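Enquirer: Need the 3D shape of this:
(chains A and B)
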Amino acid sequence: MSAFRKLILATLLISAGAPSAAQIEDSERLKSSALEALISAPPERALPIVSKVLSGDSSPSLKKRALFVLGQIDLPEAQTLLVETARTGDGSLRLEAIRMIGIGGHPEAMAELAGIYADGDGETREAVLQAYLIADDNNAVYQLAASTQDPEEFERAVNTLGAMGATDELRALRDRPGMAEVLINAYAVAGDMETLAAMANDSSDPQRQAQAIRGLAIAAGEGDDVGEILVGIYRDTDVPRVRKAVREALLIADHDEAVLQLFRASDDAAEKRELLQTLVMMDSDAVWDLIDSTLENGQ
Amino acid sequence: MNDDLLTLYYYKDGLTEAELREVQSALEKDPSLSARYERLCDDLAQFDAQDAVAVAADVTARWHDSIDRAARIERQREQPAGRLLHIPSFAWGTVVAAALAIGIGLGFYLSGQRQAEHVIDPGMVVDLTPEMRSPSIAFARGLQVHLQESRHDLAALPVDAREERAMLITHMIQQNRLFERAAEQNDASDLARVLRAFEPILMRLAMNELPPGDAEALQAQLAFELNVMLTKLERSASENTGPI
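Expert: Numbers count the residues shown, from 1 in each chain, chains lettered A, B, ... in the order given. Below you'll find the predicted structure:
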């Protein structure tokens, strides 16, 4: 079907009101197909039709679809309408418009998001963060995290940076007081092994060290050999909390060889029990030989 | 046996002799697999507007160089998003290989078409040399296949079998991330943003506690967005014009 014929069909279908309750579902489907066809129409023709759907009495789901098409229209007027909907639209439509601004990634519309965030409620702020994530705008999220004094808001922004893999921005936030746990989680999600290893080796704050050790294990991929780092930390400390974190990390990273190494090196019965327990939880093949030799030799 | 492996088999690229034999044997023994392979062949053949041409040795060498380069880049890149789901490296490698196979295979056939165009219209040579156009066109075609498969997978999502549903959605997310990265590498940040925007919807669809009505609405919205993007890509491919 030519673009022109699709446009005529779209105009007819979208202009027509739902004639009866029984036909609402069919009418919705047809209108949705018509909206879909609009993507092939020239932008200056598609825009007024989409605008009409948005300002009319169509269902919220149809309006959301119209917003997606609107976001794909490469005209400044389309972006203006998106921003307007993001500011003043009804409920979920407003949030959808924010998402579409992220998809569009147009600098002028993106710049409006900061104001929408500042004036918005929790849901709106969440939607803006997601739009930044979609647009891959690390700096905008970093600015929000760096400027807020609200711990929850900081956490949301940092989590977003983690999902974006924004390691530079996360490292710049490392010294934020009282937010170590949040940051460690984000480093783990972002896969920042370097920062996590540095924090896991830093014994100045055992609680933070233990969190970083677990984060290191969570972030480790198959190619990352964290076993050696974790064994080193275990040997360098006698803080029970840190040692427990290492055992848990080795379990998470599935490094039974490293646990076995620690078991063999230990001459403390209580410690051996804990390491053996870890091996049992890991369902390690080596554990049966160990149990056998422990029962025989008491070692 | 997944579609990625069958795709590699279709293009006879990226599989060892033993693996090729294994797939062939499985196809001979399993009628349902054979039927699935037939459907996949039909899909992939849509892009083979012309008959396959024998591949010159230097072209093959260039493909393999491209694969090696892409694999090196992939290894060097940090993959934070992938870590979230702990994607097994084998599966990841298979997906990358499949995508490369699709992209390269399609790139080859299309570059063959372009060579024919050069004969007909010498004016095209100036700005549409195979080297300049091949990656982006191959990517666009590969993305079309991805969007079509996503649409199909979305429609086939089971409602009650939660584990199966979650597994299928996880697979869709993996594929989507792959093409999102490929979009970035092909300087198609507009497409990368659209693909990134699909992921939160897929994530929500994977949540067990999502009410059925909400899940249905989300699925319908995503299906619509996939359709729009497919129409847009098909239009761009046929008319080579900008976005609306």
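Enquirer: can you give me the strands for chain B?
Expert: Ranges of strands in chain B, per DSSP state E: none exist.
Enquirer: domain assignment for it?
Expert: According to automatic domain parsing, chain B comprises the domains B:1-45, B:56-239.
Enquirer: The closest residue in space to A:V280 that isn't next to it in sequence is in what secondary structure piece?
Expert: The spatially closest residue to A:V280, leaving aside those adjacent along the chain, is A:V287, at 5.5 Å (Cβ to Cβ, 6 or more residues apart in numbering or on different chains). Where you see a C-beta, it was placed from the backbone N, CA and C, and this is true even at glycine. Assignment of secondary structure by DSSP states H and E places A:V287 within helix A:286-297.
Enquirer: Tell me the secondary structure of the most centrally placed residue in chain A, please.
Expert: Centroid-nearest residue in chain A: A:A163, 3.8 Å away (criterion: Cα atoms, centre = their mean). Under DSSP: H, G, I helix; E, B strand; the rest coil, the three-state class of A:A163 is helix.
Enquirer: isn't it right next to A:G191, touching?
Expert: No: A:A163 is not in contact with A:G191 according to Cβ atoms under 8 Å; the separation is 11.1 Å.
Enquirer: mind showing which ranges of chain B have poor pLDDT?
Expert: Residues of chain B meeting the criterion pLDDT under 70: B:4, B:13-15, B:46-135, B:239-244.
Enquirer: mind listing the helices for chain B?
Expert: With DSSP state H as the criterion, chain B has helices at B:3-11, B:17-29, B:31-45, B:57-76, B:80-85, B:89-120, B:130-155, B:162-185, B:189-205, B:212-239.
Enquirer: Burial check on residue 216, number of neighbours?
Expert: Using chain A here. Using other Cβ atoms under 10 Å in any protein chain shown, A:L216 is surrounded by 31 other residues.
Enquirer: look at chain B instead
Expert: With neighbours defined by other Cβ under 10 Å, the count for B:E216 comes to 13.
Enquirer: Same check on A:A265?
Expert: Neighbours of A:A265 (other Cβ under 10 Å): 12.
Enquirer: what does A:I101 give?
Expert: Neighbours around A:I101, by other Cβ under 10 Å: 30.
Enquirer: Tell me who's in contact with it.
Expert: A:71, A:79, A:82-83, A:86, A:109-110, A:112-113, A:131, A:135 (Cβ atoms under 8 Å, 6 or more residues apart in numbering or on different chains).
Enquirer: Can you give me the distance of it to B:A161?
Expert: The spacing between A:I101 and B:A161, counted by Cβ to Cβ, to the nearest Å, is 36 Å.
Enquirer: likewise B:R39?
Expert: In terms of Cβ to Cβ, B:R39 sits 22 Å off from B:A161.
Enquirer: what does A:A127 give?
Expert: Here A:A127 is placed at a distance of 31 Å from B:A161 (Cβ to Cβ).
Enquirer: Okay, angle between whichever strand or helix holds A:R273 and helix A:286-297 too, please.
Expert: Using DSSP H and E, A:R273 falls within helix A:269-281. Interaxial angle, helix A:269-281 versus helix A:286-297 (axes from the mean of the first three to the mean of the last three Cα atoms, to 10 degrees): 140 degrees.
Enquirer: now for helix A:269-281, which elements pack on it?
Expert: Secondary-structure packing of helix A:269-281 (3 or more Cβ pairs under 8 Å, 6 or more residues apart in numbering or on different chains; DSSP states H and E): helix A:240-252, helix A:256-265, helix A:286-297.
Enquirer: rewinding a little: so which of the contacts of A:I101 belong to helices?
Expert: A:71, A:79, A:82-83, A:86, A:109-110, A:112-113, A:131, A:135.
Enquirer: that older thread, lowest mean pLDDT across the helices and strands packed on helix A:269-281, which one is that?
Expert: Of all these, helix A:286-297 carries the lowest average pLDDT, namely a mean of 76.
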